[in-house]
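Novice: Predicted structure and sequence below. I'll ask about it afterward.
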Amino acid sequence: QVQLVESGGGLVQPGGSLRLSCAASGFTLDYYDIGWIRQAPGKEREGVSCISSSDGSTYYADSVKGRFTISRDNAKNIVYLQMNSLKPEDTAVYYCARGSSCGGDYDYWGQGTQVTVSS
């Protein structure tokens, strides 16, 4: 059974950092691209970042470029999203999702983890 489980969200002050984890089970990360997508209240979903399975290429939304870093540990079947210099506008539910290619459709999603940036 394919599962993606996010963790690491929480409340952090502006300028702070969080590391989100996406633990995959029921499939091998080696063969799939993994994306992080967020949704803030009243806003549409936004693709934040994605990492390719083929060559490890990474992609970032302009809004997070230079502040967020995506990485993967295929041995542990986990994908991370390191978030630094957090801003209040980063507040959202963050989801990880599995796809055949970054920029394409995702077929499995996690349940999401809440990130709140506030003083």
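Specialist: Happy to help now that I have it. Not measured: the values here are computed from a predicted model. Numbers count the residues shown, from 1 in each chain.

Novice: mind checking how far the residue minimising distance to the centre of the chain is from Tyr95?
Specialist: By Cα atoms, centre = their mean, the chain has its centre lying nearest to Trp36, at 2.8 Å. Computed as Cβ to Cβ, to the nearest Å, the Trp36 to Tyr95 distance reads 7 Å. For glycine as for every other residue, the C-beta is placed from the backbone atoms N, C-alpha and C.

Novice: Tyr60 now?
Specialist: In terms of Cβ to Cβ, Tyr60 sits 16 Å off from Tyr95.

Novice: Quick check on those two: which one has the bigger neighbour count.
Specialist: Tyr95 (22 against 17; other Cβ atoms under 10 Å).

Novice: Against Gly110, how distant is that one?
Specialist: For Tyr95, the distance to Gly110 (Cβ to Cβ) stands at 6 Å.

Novice: shared neighbours of these two, anything?
Specialist: Residues within reach of Tyr95 and of Gly110 at once, by Cβ atoms under 8 Å, 6 or more residues apart in numbering, are Glu6.

Novice: Does Asn77 touch Thr28 like I think?
Specialist: Yes: counting by Cβ atoms under 8 Å, Asn77 does reach Thr28; the two are 7.2 Å apart.

Novice: of the two, who's got more company?
Specialist: Set Asn77 next to Thr28 and count neighbours by other Cβ under 10 Å: Asn77 wins out with 16 against 10.

Novice: Show the pLDDT at the more buried one.
Specialist: Confidence at Asn77, expressed as pLDDT, is 94.

Novice: measure it to Val93 for me?
Specialist: 22 Å.
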